[in-house]
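Participant: Predicted model and sequence below, questions to follow.
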Amino acid sequence: LAEAAGGCCPGASRNKFAYNEAGQVRIRAGLPIYECNSRCRCGADCPNRVVQKGIRYDLCIFRTGNGRGWGVRTLERIRKNSFVMEYVGEIITSEEAERRGQVYDRQGATYLFDLDYVEDVYTVDAAHYGNISHFVNHS
């Protein structure tokens, strides 16, 4: 990683990579992760590009046996602190999330995830646009 650091731009992370060589998160939980991107001099093989490479595990959507709907399980062992998937959906304001949340509550399902790292201003709604993360049990 030290070799790659010269061509990368983890400056927002105080020059620390968020991941180790195996792609596992190595920074304290709750801190934002800044990955290299098109503005960097590094390439696609940079160790500071994990989330943007997408899902790397075999996952399976299944119907729960207890009548609670759908869920996701892995078909292989996932190492601790590894990236599994990103929560994908429509970014809406918190005000719109409150309105939709009332509708979703009446339907008995919700796919809202607050983006409250800095301020509670935006929410991700995966009800209509999303990926397999839509089926992850939130309990």
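Facilitator: Cool, got the structure.

Participant: Could you list the low-pLDDT ranges of this structure?
Facilitator: 1-15, 116-120, 137-139 (pLDDT under 70).

Participant: how about 50 then?
Facilitator: For the chain, the stretches with pLDDT under 50 are 1-5.

Participant: Please, where are all the helices along it?
Facilitator: All helices of the chain, identified by DSSP state H, fall at 2-5, 94-107.

Participant: Please identify the deepest-packed of the ones you listed.
Facilitator: Ranked by mean neighbour count, these are led by helix 94-107 with a mean of 13 (mean count of other Cβ atoms under 10 Å). In short, each C-beta sits where N, CA and C put it, glycine included.

Participant: where's Asp125 relative to Asp105, distance?
Facilitator: Plainly put, Asp125 is 14 Å away from Asp105 if you go by Cβ to Cβ, to the nearest Å.

Participant: now the helices of the chain as a markdown table including distance to Cys46?
Facilitator: Below are the helices of the chain laid out as a markdown table (distance: least, Cβ to Cβ, whole Å):
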| stretch | distance to Cys46 |
| --- | --- |
| helix 2-5 | 6 |
| helix 94-107 | 34 |
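
Participant: Any idea which of those gets closest to Gly23?
Facilitator: With Cβ to Cβ as the criterion, Gly23 lies closest to helix 2-5 of these, at 13.0 Å.

Participant: hmm, back to that, how about the helices of the chain, which one is nearest Arg26?
Facilitator: Smallest distance to Arg26 across those (Cβ to Cβ): 13.8 Å, for helix 2-5.

Participant: Do I have it right that Thr74 meets Leu59?
Facilitator: Yes. If you go by Cβ atoms under 8 Å, Thr74 and Leu59 touch, sitting 5.8 Å apart.

Participant: Which one, of the helices of the chain, ends up nearest to Met85?
Facilitator: Going by Cβ to Cβ, the one of the helices of the chain nearest Met85 is helix 94-107, 21.1 Å.

Participant: And that closest one, how far out from the chain middle?
Facilitator: Per Cα atoms, centre = their mean, to the nearest Å, the displacement of helix 94-107 from the mean C-alpha position of its chain is 22 Å.
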